[in-house]
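A.B. asks: Kindly return the folded structure for what I paste below:
(chains A, B, C and D)
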Protein chains: 2
Amino acid sequence: MQPSAQLEQVLKQHGQSVTAARQAVLAALQGQEPLTMGELVIRCNDIDRATVYRSVALFERLSIVQRLQAGWKYKLELSDAFHEHHHHATCLHCGQVVPLSEDPKLEAYLHDLAVAYNFTLRKHQIELSGLCATCQPTVGSL
Amino acid sequence: MQPSAQLEQVLKQHGQSVTAARQAVLAALQGQEPLTMGELVIRCNDIDRATVYRSVALFERLSIVQRLQAGWKYKLELSDAFHEHHHHATCLHCGQVVPLSEDPKLEAYLHDLAVAYNFTLRKHQIELSGLCATCQPTVGSL
DNA sequence: CATAAATTGCGACAAAGTTGCAAAAATAAT
DNA sequence: ATTATTTTTGCAACTTTGTCGCAATTTATG
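C.D. replies: As a prediction, the model looks like this:
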């Protein structure tokens, strides 16, 4: 299904209106790289900042979008129902975020971990950080 | 070793001064729960906000402190050299952060993953989120 | 204890995020 | 379709969070 059609479906399911602003915010998030809030606001440049914030808040409540810690700043990306589920490796030097492909063994493991702690798991994130192949020669010590 | 003595050691190793402000920031972070920046500033109430920020920035550079995504906000806690290494489960309802005990198998797995992606791994985080045992009965759907 | 170097607090500022409310757009009803 | 109702948007004001330069203070050096 097209992401835009899927958005429409999710919004209607929850009694929320399908609006141009929300479609634009989704479209801006469809690129490969996760975005900071600031970057997202810039890419939605016809839409008021407050509206972008409200859309993101709604999208988070509806699990359309997730927030991840990339180095110092947090970034936003479409969540598992819209993208393939995956994790991230962030380069501490250049800030690039590399998506890691999913591994069922790891997923199963985390599931069991949650059970052991009596937690109803809704979502999870793994964030690796270090130096990417490109930056390794450049940086002596961080 | 006492955390305060360890702080002194790390600071001197990197040619940084040992100051009252930095000791106070460390002390405030020594509780069990990770803190938001705002909470930390409040607990260091004799110390100027700017100084708290500068101390945290320094502590992050020296890997004394790490930042984790807990629900919507980020929180700060002492990093592995000061606490036992561990991961977190955050309750989406009450916001409580439960520390998860370390598992060598998981750690080894993540290490291999980084190698596969040609990444020099400096640190990593696993964040589970869901409902804690206490909140599960309270909340129908989130 | 004196000197040099680094850190702190202050105030002013920039950036990020929130809120109330009237206008506009989306949904529901006729 | 057109109108009525509900929701969302943009705007502007505002709060919170985070940053920066600089003089005063504290820390380290000899």
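A.B. asks: Please look at A:Leu76 and A:Gln66 and confirm they touch.
C.D. replies: Yes. Between A:Leu76 and A:Gln66 there is a contact under CB atoms under 8 Å: 7.3 Å. Any C-beta I mention is one placed from the backbone N, CA and C, and that applies to glycine too.
A.B. asks: Near chain B, which residues of chain A are found?
C.D. replies: A:60, A:67-69, A:72, A:74, A:89, A:91-92, A:98, A:100, A:103, A:105-106, A:109-110, A:113-114, A:117-133, A:136, A:142 (CB under 8 Å from any CB of the partner chain).
A.B. asks: quick one, longest strand in chain A?
C.D. replies: strand A:120-131 (DSSP state E).
A.B. asks: Kindly give a single ChimeraX line that selects the buried subset of the residues of chain A next to chain B.
C.D. replies: Typed into ChimeraX, the line below selects the buried ones among the residues of chain A next to chain B, using 16 or more other CB atoms under 10 Å in any protein chain shown:
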select /A:60,67,68,69,74,89,91,92,98,100,106,110,113,114,117,119,120,121,124,125,126,127,128,129,130,131,132
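A.B. asks: still on that earlier bit, then the longest strand of chain A to CSV, C-alphas only?
C.D. replies: C-alpha atoms of strand A:120-131 as CSV (Å, rounded to 0.1, in the frame of the first residue of the first chain):
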residue,chain,number,x,y,z
THR,A,120,4.1,-5.3,27.7
LEU,A,121,6.4,-4.4,24.9
ARG,A,122,5.1,-1.8,22.5
LYS,A,123,8.2,-0.8,20.8
HIS,A,124,12.0,-0.9,21.0
GLN,A,125,15.0,0.7,19.6
ILE,A,126,18.6,-0.2,19.3
GLU,A,127,21.1,2.6,18.7
LEU,A,128,24.7,1.9,18.0
SER,A,129,27.1,4.8,17.8
GLY,A,130,30.7,5.0,16.8
LEU,A,131,32.7,5.8,13.7
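A.B. asks: for it, the distance to its chain's centre please.
C.D. replies: Strand A:120-131 has its C-alpha centroid displaced from the chain centroid by 11 Å (CA atoms, centre = their mean, to the nearest Å).
A.B. asks: partners of that strand in the sheet?
C.D. replies: The pairing partners recorded for strand A:120-131 under DSSP bridges are strand A:87-91 (parallel), strand B:120-131 (antiparallel).
A.B. asks: Quick one: these as a markdown table, columns for mean pLDDT and distance to B:Gln6 too.
C.D. replies: Putting these into a markdown table (pLDDT from 0 to 100; distance: least, CB to CB, whole Å) gives the following:
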| stretch | mean pLDDT | distance to B:Gln6 |
| --- | --- | --- |
| strand A:87-91 | 90 | 27 |
| strand B:120-131 | 88 | 18 |
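A.B. asks: looking at the ones you listed, which is closest to A:Tyr53?
C.D. replies: When those are compared by CB to CB, strand B:120-131 sits nearest A:Tyr53, at 21.0 Å.
A.B. asks: For the residue nearest the centre of chain A, which non-adjacent residue is spatially closest?
C.D. replies: For chain A, A:Glu77 is the residue whose C-alpha lies nearest the centre (CA atoms, centre = their mean; 2.4 Å). Sequence neighbours aside, A:Pro34 is the residue nearest to A:Glu77 in space, at 4.0 Å (criterion: CB to CB, 6 or more residues apart in numbering or on different chains).
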